[in-house]
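Visitor: Give me coordinates for this.
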Amino acid sequence: MRFVLTGFTEDAGCRVFTFERIAEDQARTKFVVKADLALSRRHDIRLQELPLLCREILERCDADEQARTFIYTEADMIVHAEGCASDQAARQRKMPTHKAQDKANGVAWRTPRV
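Guide: Okay, here's the model as predicted:
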């Protein structure tokens, strides 16, 4: 089963995403996920990321679940923001450190030969 974003609307400071679930037999079911834009800005979540994050909410729900409307909560946003922060910290640790420059660096090739 897969989810396809079919569109979005704005509603009182929230972005409302509509998805269709396409089942194995090609049956389509409509789902709605609502995300608060103020909360997403507070947790440094870019607007472009919201559709994928909302789709993850749908992918986690049970196929037998009757609910068709979900909310991307602040708790979900915090988990995502913490994951991004730890990824950023790991990238910072992997960056090579540079040696401090001193006056002797490059002297051999800068000095004119006589």
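Visitor: And the residue nearest the centre of this protein?
Guide: In the chain, the centroid-proximal residue (CA atoms, centre = their mean) is E49; its distance is 4.5 Å.
Visitor: so what's the backbone phi/psi at it?
Guide: phi -80, psi -20 (degrees, to the nearest 10).
Visitor: how far away is it from K30?
Guide: 22 Å (CB to CB, to the nearest Å). Every residue, glycine included, has its C-beta placed from N, CA and C.
Visitor: Please apply the same query to V79.
Guide: Taking CB to CB, one finds V79 at 26 Å from K30.
Visitor: any idea how far M77 is from E20?
Guide: Per CB to CB, E20 is found 24 Å from M77.
Visitor: same check, this time on G13
Guide: 14 Å.
Visitor: So the two - more neighbours on which side?
Guide: Using other CB atoms under 10 Å as the criterion, G13 and M77 rank with M77 on top: 20 against 9.
Visitor: OK, contacts around that one?
Guide: By CB atoms under 8 Å, 6 or more residues apart in numbering, the residues touching M77 are 39-40, 42-43, 45.
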